[in-house]
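Undergrad: Next comes the sequence, and after it the predicted model I'd like to discuss.
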Amino acid sequence: MNEQPKSKVLILIIGILLIANIIMLSFFIVNGRKDNRKDKGRRNYVSDYLVKEVGFDAGQLARYDSLSKEHREKTRLVFNGLSPQRKTILKTLAEESFSDSAIIRAASNLHAQQAIFDLNMLKHLKQIRNVCTREQRQRFDTGFYKIIGKRRDALKEK
């Protein structure tokens with residue numbers, strides 16, 4: 001008779017532990033998804049705009065995704081290539097004791113590097129615009145600058 005209450009207690013404890021494990025597992029899964037949603041939200045901010053405001057269809061969105069992936073890869077490669085150059089520019093600036101002429105040269109060289117990024121971004125925007133139909137181009141032209149500014153603001157907040 002004494003065995004049955006012990007069994008019930010053990011089953012109850014096992015059940016509680018099982019429920020606790022399920023809750024913990026679901027907690028980690030949900031939190032993991034939230035982090036992925038943030039990253040996905042950052043990446044898809046422009047694509048959401050293109051679908052909702054400009055009117056991209058599935059084919060256009062696939063083309064945009066392809067262009068965006070290429071652009072990110074190109075930007076990453078350019079950035080990685082410019083990083084050593086930046087270090088050299090700043091090292092030279094220090095070696096020249098931050099003289100006015102050294103500061104001007106460094107600023108000019110850094111500006112040239114930034115111009116590469118800006119040029120790539122503008123070319124990327126042109127590629128996106130070329131995916132648009134004639135009607136969509138009008139909507140794109142009147143709103144792309146708003147979405148780029150909002151995207152940067154949203155990234156700063158997060």
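TA: Okay, I see it. Owing to the predicted nature of the structure, the values given are computational and were not obtained by experimental measurement.

Undergrad: where are the low-confidence patches of the chain?
TA: 1-3, 32-43, 149-158 (pLDDT under 70).

Undergrad: what ranges do the helices span in it?
TA: Taking DSSP state H as the test, the helices found in the chain are 3-49, 58-95, 100-131, 134-157.

Undergrad: export those to TSV and tack on mean neighbour count?
TA: C-beta coordinates here come from the backbone N, C-alpha and C atoms, glycine included. Shown next, in TSV, are those (neighbours: other Cβ atoms under 10 Å):
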stretch	mean neighbour count
helix 3-49	11
helix 58-95	13
helix 100-131	13
helix 134-157	12
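
Undergrad: From Phe28, how far out is Gly15?
TA: Gly15 sits 21 Å away from Phe28, going by Cβ to Cβ, to the nearest Å.

Undergrad: er, Asp100 actually
TA: 56 Å.

Undergrad: before we move on, what about Tyr45?
TA: 26 Å.

Undergrad: Next: His71.
TA: 34 Å.

Undergrad: Also Thr142?
TA: Thr142 is 44 Å from Phe28, where distance means Cβ to Cβ.

Undergrad: Equivalent analysis for Lys6, please.
TA: Counting by Cβ to Cβ - Lys6 and Phe28 are separated by 33 Å.

Undergrad: what's the answer for Leu110, then?
TA: Using Cβ to Cβ, Leu110 is found at 44 Å from Phe28.

Undergrad: Isn't Asn109 up against Lys91?
TA: No - counting by Cβ atoms under 8 Å, Asn109 does not reach Lys91; the two are 11.9 Å apart.

Undergrad: what touches both of the two?
TA: Counting by Cβ atoms under 8 Å, 6 or more residues apart in numbering, no residue touches both Asn109 and Lys91.

Undergrad: now the end-to-end length of stretch 84-104.
TA: Stretch 84-104 has an end-to-end distance of 19 Å (criterion: Cα to Cα, to the nearest Å).

Undergrad: Run through who's touching that stretch.
TA: 105-106, 109-110, 113.

Undergrad: which of those sit farthest apart?
TA: Farthest-apart pair in the contacts of stretch 84-104 is Arg105 and Gln113; separation 12.9 Å (Cβ to Cβ).
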